[in-house]
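In: Starting from these lines, generate the structure:
(chains A and B)
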Amino acid sequence: MDTASAANALEFRRLGRVPYAQALELQEELRARVGQGESPETILLLEHPDVITYGRSAKDGNTKQSDTDLRRLGYDVFRVNRGGDVTWHGPGQLVGYPLLDLARHGADVHLYLRALEGALIGALAGFGIDAHRREGYAGVWLDERRKIASIGVGLRRWLTLHGFALNVNCDLARFDVIVPCGLDGVRMVSMASVLGRELDFAHVTDCVEDALRKAFG
Amino acid sequence: MPKQIRMPKLSDTMEEGRLIAWRKRVGDSVKRGEVIAEIETDKADMEFEAYTEGVVAQIVVEAGATVPVGTLIAVLRLPGESEDAVVSAEPAAQPQAASTAPAAKAPAPTAAAAVKTAAPAPRAAAAPSAPPAALHMPAPVAGPRVQASLVEDDGRLRATPRARRLAEEKSIDLGELTGTGPGGAIVVADLETYLAELTAQEPEADGTRATPLALRMASEAGTDLEGLKGSGPGGRITKSDLLAHWKREKSVGKEREAVLFRGALQLSQKRKALIRNMVRSKAEAPHFYVEMDVSTDALREVRDQANRDAGDKRVRLTYTHLMIKACALALEKFPSVNATFRSEENDIAMFDAINIGLAVDVQDELVAPTVKDCQGKSVWQLAEEANSLIQRARMRKLQPGDYADGTFTISNLGMFGVDRFYAIITPPQSSILAVSAIAERPVVRSGRMEIGTMTTLGLSVDHRVLDGVRAAQFLAEIKRLLEAPRELVQDGHGFGS
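Out: Predicted coordinates for the structure are as follows:
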């Protein structure tokens, strides 16, 4: 009974600002525990210090700098097992790492991606931001050229890793060293740049948490 | 029965998937639950696990390829199965099997046939028209046990037990050998050949002992083998030793970097441009330097007098303003200094205007706004323009045009108590004046020691444009103007006004 109730619950953890490596370790540990039924499904909500991560499909040329140069510019650099190309994380960006067992959510990876997008679109609507999916390009978009949230997930069996990154108040210039997601001509925007004002990060986190609870709780 | 691995369907809407990477290679053993490949659909990567134990017998779809869901991507040989039990591939993947299938219609080969005949015959059983079931050939019952036992569960290289024992005795790194036995397994003969090679090997000049392979790898990577401990025959450094060394170096390097630096600064575009310019200047322009001490007693008098006379009607003149004026006058007199070397044309071009750049430090950023068209302008006018530029620089309000087209630069570190220094020329200019602190110094005049206020001017000069004599004359002219500064504050000097 206990395991069953633990398995059904969805837990949220807000971690504040966590270095990438540390968050990855925690994700992997939690995922293993979720897989063994020792831990409820968990969604981590956090920020990272400046970091550039390459997904497994990252191509050369989608960063304009070498790793050494990036480090010199104050970015940490990681190569990770998630879908997608290169991206930036850093202060002012809300990062969500759902550690779910998709076997309990329909065992369909596309459904999962669409559900993540749907949750973020819903949360953004609450702020008056009209965001959409873009056919063939995972993530949350304002239109064909402006992207506000990135998505990239990893799966082992049906256990998820990685997740989404929503630009809230971040310094968009920090994206300048990369071609976001390997898509030329795409501009990253943030909630702040769209609304023309700084947002209360904790409040945005609340709203995203609510939306995710509706989607996966 | 060999296990076929197919592109998984990760979603109802998934039609195809991309094979991002294989984590296992042919011949690698796989444990249940071990990741063998990574597969991508949309923005999700799946680490694809083996559900059964076995050995990767064949990789059908190479990394990077996108294939429809259900496509055979690899074949896994289960424990106890011989290699011959593994049928080549999906019929569609190897249509040529049909043409090389003389026995296509023959009954499934017997175990003995599968073992004895070369590959084509048993493979022919997987005729293109045959249903997938035909792939599930019966494994040879009396399979060659020796082959099965070659396969290591822990992913070690394939070698016969005898070869493995011998390798251990002789400290041989099996990773250096290419097996010639069944299925690429290393056999005793391979070891003997290898040992013979080692015996024939000439010792290295510096006494380093390493196997030929390790030597080649080290030289390709530019790794110095000195001081490295070898675990191979006769203490030779082997491939494994080298790989371990590289791994160690890599982690040490990272740790060192973490220890050495506290962080890094992001460079502004301006800083990047400055770095490029300075490196280019020092690399291309042969600098030489001339230096003169200048008495500034008269300069102070003239400055104070001019400010008193002007009262509140004009900006307050500073030494900097007087320097600008002196340089402008000297440049007018020496047009060859207000010039640049053009490498493409291989000539020296004279600038039309005299635009004097002022190196200004704004919150750790160096900018050099330029006072344009200095020729003929009074010191008052130059002062107003310079003040406006410096003020805008401090407010970070400079426009690109404000620091463009300089033909000469003044850099002043006097306020920081610097006694003398030399600056790097800003391309494409040919010289830069370094102004140091004005301070009281002992001076000798007409055989007597006196106290005077002095400064030292250092001029850096591009030797391609100017020679020592001309540089000295130019600097002497600046010195003359500063020591007899009346000329600097005369409104009517030069053209018109």
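
In: residue boundaries of the helices in the stretch 351-497 of chain B?
Out: For the stretch 351-497 of chain B, the helices defined by DSSP state H, counting those that start in this stretch cover B:379-394, B:468-483, B:486-489.

In: just chain A next, same as before
Out: A:2-8, A:20-35, A:67-72, A:109-125, A:191-195, A:201-216 (DSSP state H).

In: Rebuild those as a markdown table, extending it with mean pLDDT, distance to residue B:10 and mean neighbour count.
Out: (Glycine included, C-beta is placed from N, CA and C.) Formatted as a markdown table, the entries for these read as follows, by pLDDT from 0 to 100; distance: least, C-beta to C-beta, whole Å; neighbours: other C-beta atoms under 10 Å in any protein chain shown:
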| stretch | mean pLDDT | distance to residue B:10 | mean neighbour count |
| --- | --- | --- | --- |
| helix A:2-8 | 46 | 22 | 11 |
| helix A:20-35 | 92 | 17 | 17 |
| helix A:67-72 | 82 | 31 | 16 |
| helix A:109-125 | 93 | 4 | 21 |
| helix A:191-195 | 93 | 31 | 18 |
| helix A:201-216 | 94 | 18 | 17 |
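
In: Tell me which of the helices of the stretch 351-497 of chain B lies nearest to residue B:28.
Out: helix B:379-394 (63.6 Å; C-beta to C-beta).

In: Correct me if wrong: residue B:58 contacts residue B:74.
Out: Yes. If you go by C-beta atoms under 8 Å, residue B:58 and residue B:74 touch, sitting 6.3 Å apart.

In: When those two are compared, which one has more neighbours?
Out: residue B:74 (24 against 19; other C-beta atoms under 10 Å in any protein chain shown).

In: and of the helices of chain A, who's closest to residue B:343?
Out: The nearest among these, by C-beta to C-beta, is helix A:67-72 at 28.6 Å.

In: Is the closest one in proximity to chain B?
Out: Yes. Helix A:67-72 comes into contact with chain B (C-beta under 8 Å from any C-beta of the partner chain), by way of A:71-72.

In: what residue lies at the spatial centre of chain A?
Out: residue A:164 (1.5 Å; C-alpha atoms, centre = their mean).

In: Now do the strands in the stretch 201-350 of chain B.
Out: B:287-295, B:339-342, B:347-350 (DSSP state E, counting those that start in this stretch).

In: Which strands or helices does the longest one pack on?
Out: What that stands for is strand B:287-295. strand B:448-462, helix B:468-483 (3 or more C-beta pairs under 8 Å, 6 or more residues apart in numbering or on different chains; DSSP states H and E).

In: Apply 10 Å and report the result again.
Out: strand B:431-435, strand B:439-445, strand B:448-462, helix B:468-483 (3 or more C-beta pairs under 10 Å, 6 or more residues apart in numbering or on different chains; DSSP states H and E).

In: Over to the second one?
Out: Strand B:339-342 sits against strand B:347-350, strand B:448-462, with contacts defined as 3+ C-beta pairs under 10 Å, 6+ apart.

In: Could you name the stretch from the ones you listed that's closest to chain A?
Out: strand B:448-462 (28.9 Å; C-beta to the nearest C-beta).

In: Any chance you could give me that closest one in CSV, C-alpha atoms only?
Out: Backbone C-alpha positions of strand B:448-462 (Å, rounded to 0.1, in the frame of the first residue of the first chain) are rendered in CSV as follows:
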residue,chain,number,x,y,z
ARG,B,448,73.3,74.7,-10.8
MET,B,449,71.0,72.3,-9.2
GLU,B,450,67.4,73.5,-8.9
ILE,B,451,64.0,72.1,-8.2
GLY,B,452,61.6,72.1,-11.1
THR,B,453,58.4,70.5,-12.0
MET,B,454,59.0,67.9,-14.7
THR,B,455,57.4,65.2,-16.7
THR,B,456,58.7,62.5,-19.0
LEU,B,457,57.3,62.0,-22.4
GLY,B,458,57.7,58.6,-24.1
LEU,B,459,57.0,58.3,-27.8
SER,B,460,56.5,54.8,-29.4
VAL,B,461,57.1,54.9,-33.1
ASP,B,462,56.5,52.5,-36.0
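
In: Report the angle between that strand and strand B:439-445.
Out: Counting by axes from the mean of the first three to the mean of the last three C-alpha atoms, to 10 degrees, strand B:448-462 lies at 110 degrees to strand B:439-445.

In: Taking helix B:468-483 as reference, get the angle to strand B:448-462.
Out: Angle of strand B:448-462 versus helix B:468-483, following the same axes, to 10 degrees, is 130 degrees.

In: Run the chain-centre distance for stretch A:41-48.
Out: Counting by C-alpha atoms, centre = their mean, to the nearest Å, stretch A:41-48 is centred 9 Å from the centre of its parent chain.

In: wait, stretch A:47-55
Out: 10 Å.

In: First residue to last residue on it, what's the distance there?
Out: Chord length of stretch A:47-55, first to last residue, is 18 Å (C-alpha to C-alpha, to the nearest Å).

In: now the helices of the stretch 351-497 of chain B as JSON lines including distance to chain A and mean neighbour count?
Out: Shown next, in JSON lines, are the helices of the stretch 351-497 of chain B (distance: least, C-beta to the nearest C-beta, whole Å; neighbours: other C-beta atoms under 10 Å in any protein chain shown):
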{"stretch": "helix B:379-394", "distance to chain A": "22", "mean neighbour count": "19"}
{"stretch": "helix B:468-483", "distance to chain A": "38", "mean neighbour count": "18"}
{"stretch": "helix B:486-489", "distance to chain A": "45", "mean neighbour count": "18"}
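
In: Just send those helices back as JSON lines, with mean pLDDT and distance to residue B:280 too.
Out: Below are these laid out as JSON lines (pLDDT from 0 to 100; distance: least, C-beta to C-beta, whole Å):
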{"stretch": "helix B:379-394", "mean pLDDT": "92", "distance to residue B:280": "23"}
{"stretch": "helix B:468-483", "mean pLDDT": "96", "distance to residue B:280": "21"}
{"stretch": "helix B:486-489", "mean pLDDT": "92", "distance to residue B:280": "34"}
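
In: Indicate which one of those helices is closest to residue B:418.
Out: Closest approach to residue B:418 among the helices of the stretch 351-497 of chain B is made by helix B:468-483 (17.6 Å; C-beta to C-beta).
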